[in-house]
Structure formats: structure tokens, C-alpha cells
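*Asks:* need a 3D model of the sequence below.
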Amino acid sequence: MLKAWSKGDGALADELFPLLYDDLRKRAHSFLRRERPGHTLQTTALINETYLKLREQRNIQWESRAHFFAICATLMRRILVDYAKTRQRDKRGGGAVHLPLEDLVLAAERKDDIDMLALDDALNRLAAMDGQQARIVELRFFSGFSIEDTADVLEISPSSVKRDWRAAKAWLRHELGKGGAR
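*Replies:* Just a heads-up that it's a prediction; the model follows:
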């Protein structure tokens with residue numbers, strides 16, 4: 001169905017999305033649990049926004065199910081960043097708390113608050129220096145991909161993913177420890 005969607009059959013998106021909904025819900029719910037207390041965006045709303053953004057995409061050549069989830073991870077990141085920017089703007093500068101991120105994996109396990117704007121800013125700086133490392137963080141952190149799944153999507157070895165993941169976490173820890181923004 002993904003391949004047919006790639007060939008321009010947009011109606012298949014309406015059939016395909018419900019089949020993948022449970023997987024998307026698990027990924028979105030897992031990520032939203034790590035958001036700051038009082039976060040008002042719900043899992044269903046995040047998935048619906050992702051669906052709408054997917055429907056707007058043109059000329060996506062779906063390679064696999066993993067590729068689909070990788071694109072969804074990117075869209076969810078953008079949605080969450082836009083949501084955080086809107087909330088901050090709504091509060092007139094809104095006092096975003098910049099919390100240091102000790103380690104992305106540990107933060108996920110401990111459910112630490114993460115300043116989405118600071119993380120996005122740091123990821124954009126990382127992408128300018130090393131696009132592959134930024135993509136690995138996006139896939140691992142935002143979509144919960146395993147080392148092996150990330151390697152498959154990026155068509156690199158698992159050892160390269162591990163090496164870049166360690167380097168990216170160290171760089172982000174340093175950057176976010178400075179307050180998250182320059």
C-alpha cells in the first residue's frame with residue numbers, strides 16, 4: 001500500500017493510516033509522556049496533525065514501513081516544536097524553563113522535562129555540523145527506533161549508528177547543559 005501511495009494514489013493514505021494507527025499511537029504516547037507537566041497536546045491530536053501533514057506531502061517515495069515511521073517522527077517533531085513556539089508566544093515570552101538534559105536515554109527512562117525549543121535549536125545546530133547524527137537522534141529519540149531499525153532506515157551499519165548516537169548525545173548534553181540556546 002505504501003508503494004501504491006508513492007505512485008500517487010492518495011486515497012490509499014485513508015486506508016493505510018488506520019492500519020498503522022496503533023503503532024503511531026504507541027510512539028506518540030511514549031514521547032508525550034516525556035513532555036513537561038501540564039502539556040496540553042494529546043496523543044490523538046498529535047497523530048491527527050501528523051496525518052494531515054502526511055496528506056499534504058507530495059512525491060514521497062515510501063521505501064518501507066520503517067521509512068514511513070521515520071517521516072512520521074520528523075513530522076511529530078515539527079508539530080511539537082510548533083506547538084511549543086505557539087505556547088511560548090501566547091505567554092509573551094512565556095518563561096520556558098531550560099533544564100539540562102543529562103542523557104537522552106536516561107531522560108526518557110526517568111521522564112524528565114525536556115525543553116522542546118532548546119532541543120530543536122540544538123538539533124538544528126547539530127544538523128548543520130553533522131546531518132547524520134541529527135537524523136539518528138530524531139529517529140531514536142522521537143520515534144523510538146532501535147539501533148538496528150535506525151541503521152536500516154539510514155542504510156548504515158549498526159556500529160555507525162551506535163558511534164554517532166554516543167557522539168550526538170554527548171554533544172547535546174553539552175549544548176543543553178549551557179542553557180539550550182546561544
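
*Asks:* now the spatially most central residue of the chain, what's its secondary structure?
*Replies:* In the chain, the centroid-proximal residue (C-alpha atoms, centre = their mean) is Phe142; its distance is 3.1 Å. Under DSSP: H, G, I helix; E, B strand; the rest coil, Phe142 falls in the helix class.

*Asks:* ok, now the one 3 residues further on?
*Replies:* Assigned with three-state DSSP, Phe145 falls in the coil class.

*Asks:* my read is that it contacts Phe69, right?
*Replies:* Yes. Contact criterion C-beta atoms under 8 Å: Phe145 and Phe69 qualify, at 7.3 Å. C-beta: built from backbone N, CA, C; applies to glycine.

*Asks:* neighbour-wise, which of the two wins?
*Replies:* Using other C-beta atoms under 10 Å as the criterion, Phe145 and Phe69 rank with Phe145 on top: 23 against 20.

*Asks:* give me the low-pLDDT residue ranges for the chain?
*Replies:* Counting by pLDDT under 70, the ranges of the chain that qualify are 9-10, 34-39, 88-114, 178-182.

*Asks:* can you give me the helices for it?
*Replies:* Taking DSSP state H, the helices of the chain run over residues 2-6, 11-32, 43-56, 65-90, 104-110, 116-129, 131-137, 143, 147-154, 158-177.

*Asks:* most packed of those?
*Replies:* Comparing those by mean neighbour count (mean count of other C-beta atoms under 10 Å), helix 143 comes out on top with a mean of 24.

*Asks:* which other residues reach that helix?
*Replies:* With C-beta atoms under 8 Å, 6 or more residues apart in numbering as the test, helix 143 has contacts from Arg27, Phe69, Ala70, Cys72, Ala73, Met76.

*Asks:* now with 6 Å, please.
*Replies:* Applying C-beta atoms under 6 Å, 6 or more residues apart in numbering, the contact partners of helix 143 are Arg27, Phe69, Ala73.

*Asks:* and for stretch 48-64?
*Replies:* Residues lying outside stretch 48-64 but in contact with it, judged by C-beta under 6 Å, 6+ apart, are Leu2, Ser6, Ala13, Phe17, Phe68, Cys72, Leu75, Met76, Ile79.

*Asks:* and the gap between the fourth one and Gln133?
*Replies:* Taking C-beta to C-beta, to the nearest Å as the measure, Phe17 and Gln133 are separated by 30 Å.

*Asks:* please apply the same query to the second one.
*Replies:* Going from Ser6 to Gln133 by C-beta to C-beta gives 28 Å.

*Asks:* ok, the first one next?
*Replies:* Shown here: Leu2 relative to Gln133, a distance of 27 Å by C-beta to C-beta.
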